[in-house]
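Colleague: After the sequence you'll find the predicted model.
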Amino acid sequence: MKNLKIIAEIGSNWSGSEKIGKKMIKAAKITGADFIKFQMWRAEDLYSKSEPYWNLTKKSEITCKVAKQFKEYADKIGIGCFWSVFYPEAVDCLEDLNVKYYKIASWTAAMGHIHALETMQRVAKTGKPVIISMGMGGDIKVIKKIFKNNKKYFLYCISKYPTSVKEVDFLAISKYDGFSDHTMGHLAPLLYAMKVKDSDSVKFLEKHVSIKESKGQDKPNSIDMNEFSEMVKEIRTVTSLKI
């Protein structure tokens, strides 16, 4: 199934190091993933300084300069690269880099932070495709109205870290355009791939990944690149079979 696009989600696992970030981009390319995805936030907009991972979260903010370096490197080695955006100026920065997609995190879709609405409105003005996680129960009518002129992909998601495979509703998941997975291991992604293998429409599968150098709040809920590589291989095999 060529229409299943696999996204390696980095989050804070680049740990504020351009070297680690580029190493993860290269590793994701080697696995056969279609996209690498980062997040562009300002820590003070989302978190309190009393948060346990505050320093690492602050360190993992992506500036326009770093975003440019990551995007150019991804382009050079031939893997798609885009971002979840959490404030409107991030969109302006990424437009200069000609990203092809934007991601709206569950938190933003549910209007859960101060810049959520303005950020979505700014993304809408780009007219580009938008991938939207629905883990926090955003108002789908409002979201569709905001993005009325954008191609929209809604992802099934449970905003719980980690999620148990038993909590995933594999019946409901078929109603969505993809799966943003927060389970550990890769059983749930494999089951999802089997579920949608005969679909003619584009589907997205997003999975948090890390490498040994990664540090921060996303590391405990991510799979390492070796397991991610196995996941990609198994998914490609499953979706190519006629069963």
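Modeller: Perfect, thanks for sending it.

Colleague: From now on I want contacts and neighbour counts done on CA atoms only, so please keep to that.
Modeller: Will do.

Colleague: Return the distance of the longest strand seen in the chain from the chain's centre.
Modeller: Ranked by residue count, the top strand of the chain under DSSP state E comes out as strand 203-210. Strand 203-210 sits 6 Å away from the centroid of its parent chain (C-alpha atoms, centre = their mean, to the nearest Å).

Colleague: Now the element after it, going C-ward?
Modeller: Tracing the chain past strand 203-210, the next element assigned as helix or strand by DSSP states H and E is strand 223-224.

Colleague: partners of that following strand, with directions?
Modeller: strand 203-210 (parallel) (DSSP bridges).

Colleague: now what about the partner strand, what contacts it?
Modeller: For strand 203-210, the surrounding residues in contact (C-alpha atoms under 8 Å, 6 or more residues apart in numbering) are 3-11, 13-14, 24, 155, 177-182, 189, 196, 218-219, 221-225, 228.

Colleague: Of all the residues in the longest strand of the chain, which ones are buried?
Modeller: Residues of strand 203-210 classed as buried by neighbour count (16 or more other C-alpha atoms under 10 Å): 203-210.

Colleague: so of the contacts of strand 203-210, which ones are in helices?
Modeller: 24, 189, 196, 225, 228 (DSSP state H).

Colleague: Can you tell me how far residue 99 is from residue 135?
Modeller: The gap separating residue 99 from residue 135 is 24 Å, by C-alpha to C-alpha, to the nearest Å.

Colleague: what's the answer for residue 226, then?
Modeller: 27 Å.

Colleague: Spatially central residue in the protein, please.
Modeller: What sits nearest the mean C-alpha location of the chain, by C-alpha atoms, centre = their mean, is residue 9, with 4.6 Å.

Colleague: Please name the bridge partners of it.
Modeller: Beta-bridge pairing of residue 9 under DSSP bridges involves residue 37, residue 208.

Colleague: from memory it sits against residue 33, does it?
Modeller: No: look at residue 9 against residue 33 with C-alpha atoms under 8 Å: they stay out of range, at 10.4 Å.

Colleague: so where's the protein uncertain?
Modeller: Along the chain, the parts satisfying pLDDT under 70 run over 1.

Colleague: All the strands of it, in order from the start?
Modeller: Under DSSP E, the chain gives strands at 4-9, 35-40, 80-85, 102-104, 130-133, 152-157, 178-181, 203-210, 223-224.

Colleague: how far does the last one sit from the chain's center?
Modeller: If I follow you right, that is strand 223-224. Its chain's C-alpha centre lies 15 Å from the corresponding centre of strand 223-224 when counted by C-alpha atoms, centre = their mean.
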